[in-house]
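**Student:** I would like the atomic coordinates for the input below:
(chains A and B)
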There are 2 protein chains.
Amino acid sequence: MKLDTLAILGVGLVGGSVALAARQRGAARVIVGVEPDETRRERLLSLGLVDETAASADSERVGQADLVVCCVPVNHIAELVLHTAARAKPGQLLTDTGSTKAAIVHAVEESLPGHVHFVGGHPLAGSEKSGPDHASARLFADRVVVLTPTERSSPDAVARVSAFWQALGAQVRMMSPDEHDRAVAWTSHLPHLVSSALAGVLPETLTDLTASGFRDTTRLAAGDPGLWTAIFEQNREFLLQALGHFDDRIEQFRRALEMGDAEALITLLAGGRQRRQSLHGQGESHS
Amino acid sequence: MKLDTLAILGVGLVGGSVALAARQRGAARVIVGVEPDETRRERLLSLGLVDETAASADSERVGQADLVVCCVPVNHIAELVLHTAARAKPGQLLTDTGSTKAAIVHAVEESLPGHVHFVGGHPLAGSEKSGPDHASARLFADRVVVLTPTERSSPDAVARVSAFWQALGAQVRMMSPDEHDRAVAWTSHLPHLVSSALAGVLPETLTDLTASGFRDTTRLAAGDPGLWTAIFEQNREFLLQALGHFDDRIEQFRRALEMGDAEALITLLAGGRQRRQSLHGQGESHS
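**Tutor:** Numbers count the residues shown, from 1 in each chain, chains lettered A, B, ... in the order given. Reported below is the predicted structural model:
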């Protein structure tokens, strides 16, 4: 599969990595990057991330693109996809990389014009870093990309978006938008919240007594607060459910500590260890 | 500073790393490793970690050592230090590497014979891995080692233990046992508990949807449950205090989510990010 024109709306860490991977794997002839800020557009060209830039999705180059990947913050995706779709050539394929899916997919499908196709997507890859300077052609290699088609999705459109991500080295998984949001509440959003809470309560006088354990456990806390507030808001219900289970576990630890119950502590710790060791790729962890 | 004989009681990850670092830095002429298990003693010799082995601290080689470093689990340290001290040559210096200090230092000082010296210690370095096969000569390089002398400690003994760790590449910090325990409750024990709770509640069906964020946040959860139960028990009070603050912060997140309060969420996340970014060496974090 080789596209003629690939347009990327929002060329930060994720959008920039899509551009680099697409170029390296020969997935598109021309890559157009859309960024409102002029300095940033120049940076994209000087970094060699894209072939052309445009200041907005209104650009004719975007309207003529075969595939549009929307990589902006989750609270702007649905609006921007619909805005782009309204100006798109017939048959254009649109997808996104947002960390939440249900709100976005429902909003897009409710108003999508009939001459284009949309399939929601989310690459399970990222970094606490942001911006095009941290983009990497390897970001999606052997990582899972979740696609969230619905009964309204065209099977051909789903197959083409899937082939695009596979061409970038990713493994594609299909889930419903709700299934996706429930899963990432556990695997990504709860860890982010917990990591932030842990970093946030550290007394300032103790920062120089932290070692690699504290640093790894709080790495996610360095993520952008605005982006994550939008993600939390869009996945509120599932995140609150996961947080409830986490709270219960913390409460069990607290009771075991208060009662000096060594057996309960060892059982709790052994349960966490067992689940941690069952993770795919846990051997990659850093010390 | 060069010792004649260094004895290490318990040659696992930490004890083995002390041995390797001492050898590489020329800090001791002879290194004696004490391990009750025969297979393990043979392994220490074949790995080249120590020059000699002994099956117990009763060995004359340990009694004649200039410095004894006790690297066994925290709940066995005080007893083993006192047992060793009772058989030690006059002037022997003993220290430990336990993750808690108040209980150990008080128990040792209460019964230490007058002809030897003890100074409590804790290198702020480690790994979720254990065992001598994972030992590293670089484990303490540029890491902080906390020493916890009291009014009973001989200044000369403190200076000699300090010089030993500096010879191994570490930076030495002096704190009281209580100050130390309060600090590591925040920087190490609370993160371990939180990491374990997070890993422990992950639904089994979602393990293959985790990415590097989940893995880093739960790396500590892979630690040995028995070792950590003993640490938690010895630092119960301070750990419960830190856990209380963490609980409050989690509760603030929960209320903000329930009320859809974006401003509160962004403030909480920004606070966590700011503290995370103030950490020394945060640039080393892995993605």
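**Student:** shaky segments in the stretch 1-150 of chain A?
**Tutor:** A:1 (pLDDT under 70).
**Student:** near chain B, which residues of it?
**Tutor:** Neighbours of chain B within the stretch 1-150 of chain A, by Cβ under 8 Å from any Cβ of the partner chain: A:Leu124, A:Ala125, A:Gly126, A:Ser127, A:Glu128, A:Lys129, A:Arg143, A:Val144, A:Val146. For glycine as for every other residue, the C-beta is placed from the backbone atoms N, C-alpha and C.
**Student:** in strands, which of these appear?
**Tutor:** A:Val144, A:Val146 (DSSP state E).
**Student:** what's the farthest-apart pair in the residues of the stretch 1-150 of chain A next to chain B?
**Tutor:** Spanning the widest gap among the residues of the stretch 1-150 of chain A next to chain B are A:Lys129 and A:Val146, at 21.9 Å by Cβ to Cβ.
**Student:** so these two - more neighbours on which side?
**Tutor:** A:Val146 (23 against 16; other Cβ atoms under 10 Å in any protein chain shown).
**Student:** give me the beta-bridge partners of the more buried one?
**Tutor:** A:His122, A:Arg173 (DSSP bridges).
**Student:** contacts only, for it.
**Tutor:** A:Val146 makes contacts with A:Lys101, A:Gly121, A:His122, A:Pro123, A:Leu124, A:Val172, A:Arg173, A:Met174, A:Met175, A:His180, A:Ala183, B:Leu209, as judged by Cβ atoms under 8 Å, 6 or more residues apart in numbering or on different chains.
**Student:** what is the burial count for the closest residue to A:Ala141 other than its chain neighbours?
**Tutor:** In this structure, A:Ala141 finds its nearest non-sequential neighbour in A:Gly169, 3.9 Å apart by Cβ to Cβ, 6 or more residues apart in numbering or on different chains. Neighbour count for A:Gly169, taken as other Cβ under 10 Å: 17.
**Student:** from the stretch 51-200 of chain A, which residue is nearest to chain B?
**Tutor:** Distances between the stretch 51-200 of chain A and chain B by Cβ to the nearest Cβ are smallest at A:Ser196, namely 3.3 Å.
**Student:** which non-adjacent residue is nearest that residue?
**Tutor:** B:Gly272 (3.3 Å).
**Student:** pretty sure the one you found sits in a helix.
**Tutor:** Yes. According to DSSP: H, G, I helix; E, B strand; the rest coil, B:Gly272 belongs to a helix.
**Student:** quick one: mean pLDDT for the helix or strand where A:Ala242 lies?
**Tutor:** Here A:Ala242, judged by DSSP states H and E, is contained in helix A:236-259. In this model, helix A:236-259 has an average pLDDT of 98.
**Student:** report the angle between it and helix B:236-259.
**Tutor:** 160 degrees (axes from the mean of the first three to the mean of the last three Cα atoms, to 10 degrees).
**Student:** residue contacts, A:Asp164?
**Tutor:** No Asp there; residue A:164 is Phe. A:Met1, A:Leu3, A:Ala27, A:Leu67, A:Thr95.
**Student:** show me which of those are buried.
**Tutor:** Among these, those that count as buried by neighbour count (16 or more other Cβ atoms under 10 Å in any protein chain shown) are A:Leu3, A:Ala27, A:Leu67, A:Thr95.
**Student:** out of the residues you listed, which comes closest to B:His134?
**Tutor:** Comparing the buried ones among the contacts of A:Phe164 against B:His134 with Cβ to Cβ places A:Ala27 closest, at 41.0 Å.
**Student:** quick one: residues contacting A:Phe246.
**Tutor:** A:Phe246 touches A:Leu190, A:Val194, B:Ala197, B:Leu198, B:Val201, B:Ile250, counting by Cβ under 8 Å, 6+ apart.
**Student:** which residues does the second one contact?
**Tutor:** Taking Cβ under 8 Å, 6+ apart as the contact definition, A:Val194 lies against A:Phe246, B:Val194, B:Leu198, B:Thr217, B:Ile250.
**Student:** is it fair to say the second one lies in a strand?
**Tutor:** No. B:Val194 sits outside any strand when classified using three-state DSSP, being helix.
**Student:** quick check, pLDDT for it.
**Tutor:** Reported pLDDT for B:Val194: 98.
**Student:** look up phi and psi at A:Thr148.
**Tutor:** phi -120, psi 70 (degrees, to the nearest 10).
**Student:** how much space between it and A:Phe140?
**Tutor:** From A:Thr148 over to A:Phe140 the distance is 17 Å, taken as Cβ to Cβ, to the nearest Å.
**Student:** can you check A:Leu94 too?
**Tutor:** Relative to A:Phe140, and taking Cβ to Cβ, A:Leu94 is found at 18 Å.
**Student:** and A:Ile31, by the same measure?
**Tutor:** Taken as Cβ to Cβ, the span from A:Ile31 to A:Phe140 is 15 Å.
**Student:** all strands for the stretch 151-287 of chain A, in order.
**Tutor:** A:171-174 (DSSP state E, counting those that start in this stretch).
**Student:** which sections of it are below the confidence cut-off?
**Tutor:** Along the stretch 151-287 of chain A, the model assigns pLDDT under 70 to residues A:280-287.
**Student:** what about 50?
**Tutor:** A:282-287 (pLDDT under 50).
**Student:** all helices of it, in order?
**Tutor:** Secondary structure of the stretch 151-287 of chain A (DSSP state H, counting those that start in this stretch): helices at A:155-167, A:177-184, A:190-201, A:212-217, A:225-234, A:236-259, A:262-277.
**Student:** tell me the most buried of those helices?
**Tutor:** Highest mean neighbour count of those: helix A:190-201, a mean of 27 (counted as mean count of other Cβ atoms under 10 Å in any protein chain shown).
**Student:** put the alpha carbons of it into PDB.
**Tutor:** C-alpha atoms of helix A:190-201 as PDB (Å, rounded to 0.1, in the frame of the first residue of the first chain):
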ATOM      1  CA  LEU A 190      -5.100   5.500  35.900                       C
ATOM      2  CA  PRO A 191      -1.300   5.100  35.800                       C
ATOM      3  CA  HIS A 192      -1.000   8.700  34.700                       C
ATOM      4  CA  LEU A 193      -3.200   9.900  37.500                       C
ATOM      5  CA  VAL A 194      -1.400   7.800  40.100                       C
ATOM      6  CA  SER A 195       2.000   8.800  38.900                       C
ATOM      7  CA  SER A 196       1.000  12.500  39.100                       C
ATOM      8  CA  ALA A 197      -0.500  12.100  42.600                       C
ATOM      9  CA  LEU A 198       2.700  10.400  43.800                       C
ATOM     10  CA  ALA A 199       5.000  13.100  42.300                       C
ATOM     11  CA  GLY A 200       2.600  15.900  43.500                       C
ATOM     12  CA  VAL A 201       2.800  14.900  47.200                       C
END
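**Student:** who's in contact with the closest residue in space to A:Val50 that isn't next to it in sequence?
**Tutor:** Nearest residue to A:Val50, sequence neighbours excluded (Cβ to Cβ, 6+ apart): A:Gly33, at 3.5 Å. Each residue near A:Gly33 by Cβ under 8 Å, 6+ apart is listed here: A:Ala7, A:Ile8, A:Val11, A:Gly15, A:Ala19, A:Arg41, A:Leu44, A:Leu49, A:Val50, A:Glu52, A:Thr53, A:Ala54.
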